[in-house]
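**Student:** here is a sequence with its predicted model. Questions after.
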Amino acid sequence: ITNGYVDITTPTLTAATSYVFNARITDVVGNQGNASANHTVTIDTASPTVTAVVISGAESDGTTANTNTLVEGDRILVTVTLSEATTVTGSPQYAIDLGGVTRQADYVSGTGTNTLVFSYAVVAGDLDTAGGVTAGTSALTLNGGTLLDAAGNAAVLTTPVAVVNTVAVDAVTPTVTAVVISGAESDGSTAKTAALVVNDTILVSVTFNESVNVSTANGTPRYAIDVGGVTRQADYVSGSGSSTLVFRYTVVAGDADDAGGVTASDIALTLNGGTLLDAAGNVAATGTIAVAAAANTVVVDTVAPTFAAVAPIVGDDLDGGGYGSGDTITLTFSEAINVSNITLGLLNAALNNSKTFGTTGNGATVAASNDVGGFATTFVITLGSDSTVDTNDTITIPQASVVDARGNAASAGVVFTVPVPLSGPTAATADPITVSDVDASGSYNAGDTITLAFNTDVVIANLTIDQFTVPGRTLGTGATVAAVGGDGINASSF
């Protein structure tokens, strides 16, 4: 007897067997006391073992069941049933296979019972198909903790294979993998490779790494594009439920860009109140792939042709007597327009107050001076002998007749006002004529010279001796004319 306790030596006892003990004390002279109460002792050397493992999904609170596809922040629960109640210390872990990647579920509850719960929080990038989350036979580890039954027997860590469940995980963010910009007709679907004009459309096809669902209940997602240095917004129009979404911008007057000039940055996609979600509810990333210049062949030209900003109309009075037969009026437009539309009949009809440039029978003509492929910027009107046009008359060419190579018509009738004409060459104001009496006879004789000076250079080849006349007189046989100075082509003195 030690401190009121009785030490009993027994024969070998059998495991998992119950024994009943009591004790009676005898003093040194043989007196026996009363027998103690019976004490039942069960011999327990059996370690707790795992009998079942269930893998399930839960909301981020870790308790509410979630049978939908799990996303970032949701929980995967591993419920481990043991053969007997087990006390837990420390932080044991349970390894699960999530899409081929080992993740550790941490112990969260159940100590003192035969059911322990382990939990793993889903992180971005986790992905597994329904029923794909599994666990092997060595999934349970102590991680520095303990698993003991009431008798102090350590739990056996071998576990059954866990493969039967309906847990699906998708914590992969939808991301943009490709962006294509193209042109279309005004219907928004028929492809157009020619230059886009007003009401044509620019399409932006955005491809994601997975199918995306679009909601426009609170706003329509947009894609910003650069058209000629100006930011334009293409609105979402189709593709929800697929991996390719289409955004559309309708070209308006004033838009202009060269081939391959329509671009987009890597932050072009905005939700604008809408949502872009995959089937699991993951929000799509709005970062995109930049579309650089020359990545497409889209041309935009909605600029309406009009008169040129500099010298739109110039009149030339070749004989110095005001507009008349053979004189010219030159019209210049801001860009090349369809030559076939600009006819003499059209121009005569465009003059105010029933004026006329003349008729073809009387020498009137109109010709494009820089025709390239049927389009030109400059037109020269040669007046006929029956012309009545004069300074300050107006020429109003109908807008439908002023059409550029892209098909853009003038925004309104193009109006030219006939200017004061530029006069042809005249006699110089100083010393217009000088003479040289070579033989000092005091009279004009063979070999003497007469020098005529103009106020500007004229074409040397246009002046012959026959064009110099003196009324009632003759310059004589053998008379000649030659330029004085000049550059061999033009000169101002003869």
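**Tutor:** Cool, got the structure. What you see is a predicted model; the values in this text were computed from it and never measured.
**Student:** please make it C-alpha for all contacts and neighbour counts, starting now.
**Tutor:** Will do.
**Student:** mind checking the SS state of A37?
**Tutor:** Put simply, A37 is coil when judged by DSSP: H, G, I helix; E, B strand; the rest coil.
**Student:** tell me the pLDDT at T159?
**Tutor:** Note on T159: pLDDT of 96.
**Student:** meant to ask about F21, not that
**Tutor:** Reported pLDDT for F21: 64.
**Student:** same check on L196?
**Tutor:** Note on L196: pLDDT of 94.
**Student:** now swap in V156 and tell me
**Tutor:** For V156, the pLDDT comes out at 97.
**Student:** mind checking how far it is from I342?
**Tutor:** Remark: distance between V156 and I342 (C-alpha to C-alpha, to the nearest Å) = 99 Å.
**Student:** all helices of the stretch 351-494 of the chain, in order?
**Tutor:** Taking DSSP state H, counting those that start in this stretch, the stretch 351-494 of the chain contains no helices at all.
**Student:** shaky segments in it?
**Tutor:** Scanning the stretch 351-494 of the chain for pLDDT under 70 picks out 424.
**Student:** switch to 80 and redo it
**Tutor:** Along the stretch 351-494 of the chain, the model assigns pLDDT under 80 to residues 423-426, 438, 456, 458, 462, 467.
**Student:** the stretch 51-200 of the chain now?
**Tutor:** Where the stretch 51-200 of the chain drops to pLDDT under 80, the residues are 130-131.
**Student:** which residues does the nearest residue to T244 once chain neighbours are set aside form beta bridges with?
**Tutor:** Nearest residue to T244 in three dimensions, chain neighbours excluded: T207, at 4.3 Å (C-alpha to C-alpha, 6 or more residues apart in numbering). Taking DSSP bridges as the rule, T207 bridges to A178, T244.
**Student:** wait, what's in contact with T207?
**Tutor:** V176, T177, A178, V179, S243, T244, L245 (C-alpha atoms under 8 Å, 6 or more residues apart in numbering).
**Student:** what separation do you get for the nearest residue to the first one once chain neighbours are set aside and L127?
**Tutor:** So the one you mean is V176. What sits nearest to V176 in space, not counting adjacent residues and going by C-alpha to C-alpha, 6+ apart, is F208, at 4.3 Å. F208 is 17 Å from L127, where distance means C-alpha to C-alpha.
**Student:** how about the strands in the stretch 51-200 of the chain?
**Tutor:** 75-89, 93-98, 101-109, 113-121, 127-128, 140-141, 146-148, 169-170, 176-184 (DSSP state E, counting those that start in this stretch).
**Student:** in its sheet, which strands sit next to the fifth one, and in what direction?
**Tutor:** Which is strand 127-128. Strand pairing for strand 127-128, determined by DSSP bridges: strand 169-170 (antiparallel).
**Student:** residues contacting the partner strand, please?
**Tutor:** For strand 169-170, the surrounding residues in contact (C-alpha under 8 Å, 6+ apart) are 69-72, 122, 125-130, 280, 282.
**Student:** could those residues go into JSON lines alongside neighbour count and distance to N353?
**Tutor:** Below are the contacts of strand 169-170 laid out as JSON lines (neighbours: other C-alpha atoms under 10 Å; distance: C-alpha to C-alpha, whole Å):
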{"residue": "T69", "neighbour count": "20", "distance to N353": "81"}
{"residue": "L70", "neighbour count": "27", "distance to N353": "82"}
{"residue": "V71", "neighbour count": "25", "distance to N353": "80"}
{"residue": "E72", "neighbour count": "19", "distance to N353": "80"}
{"residue": "V122", "neighbour count": "21", "distance to N353": "85"}
{"residue": "G125", "neighbour count": "12", "distance to N353": "79"}
{"residue": "D126", "neighbour count": "19", "distance to N353": "82"}
{"residue": "L127", "neighbour count": "22", "distance to N353": "82"}
{"residue": "D128", "neighbour count": "19", "distance to N353": "84"}
{"residue": "T129", "neighbour count": "14", "distance to N353": "84"}
{"residue": "A130", "neighbour count": "14", "distance to N353": "85"}
{"residue": "A280", "neighbour count": "17", "distance to N353": "75"}
{"residue": "N282", "neighbour count": "19", "distance to N353": "73"}
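**Student:** A259: which of those residues is nearest?
**Tutor:** The nearest member of these to A259, counting by C-alpha to C-alpha, is N282 at 37.5 Å.
**Student:** the closest one is in contact with E210, isn't it?
**Tutor:** No: contact criterion C-alpha atoms under 8 Å: N282 and E210 do not qualify, at 11.0 Å.
**Student:** what is in contact with the two at once?
**Tutor:** Shared contacts of N282 and E210, defined by C-alpha under 8 Å, 6+ apart, are found at P174.
**Student:** which strand residues bridge the residue nearest the centre of the chain?
**Tutor:** Centroid-nearest residue in the chain, with C-alpha atoms, centre = their mean: A264, separated by 3.1 Å. Beta-bridge partners for A264, by DSSP bridges, are V291.
**Student:** and it, how far from T382?
**Tutor:** 50 Å.
**Student:** now do the contacts for the nearest residue to G90 once chain neighbours are set aside.
**Tutor:** Once flanking residues are discounted, G90 sits nearest to G145: 3.9 Å by C-alpha to C-alpha, 6+ apart. With contact set as C-alpha under 8 Å, 6+ apart, G145 has these partners: V88, T89, G90, S91, P92.
**Student:** in stretch 297-310, what counts as buried?
**Tutor:** Residues of stretch 297-310 classed as buried: T297, V298, V299, V300, D301, T302, V303, A304, P305, T306, F307 (neighbour count, 16 or more other C-alpha atoms under 10 Å).
**Student:** pLDDT and distance to G373 added to the residues you listed, as JSON lines?
**Tutor:** Rendered in JSON lines, the data for the buried residues of stretch 297-310 read as follows (pLDDT from 0 to 100; distance: C-alpha to C-alpha, whole Å):
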{"residue": "T297", "pLDDT": "89", "distance to G373": "22"}
{"residue": "V298", "pLDDT": "93", "distance to G373": "22"}
{"residue": "V299", "pLDDT": "92", "distance to G373": "19"}
{"residue": "V300", "pLDDT": "94", "distance to G373": "20"}
{"residue": "D301", "pLDDT": "92", "distance to G373": "18"}
{"residue": "T302", "pLDDT": "92", "distance to G373": "20"}
{"residue": "V303", "pLDDT": "89", "distance to G373": "20"}
{"residue": "A304", "pLDDT": "91", "distance to G373": "19"}
{"residue": "P305", "pLDDT": "95", "distance to G373": "17"}
{"residue": "T306", "pLDDT": "96", "distance to G373": "19"}
{"residue": "F307", "pLDDT": "97", "distance to G373": "20"}
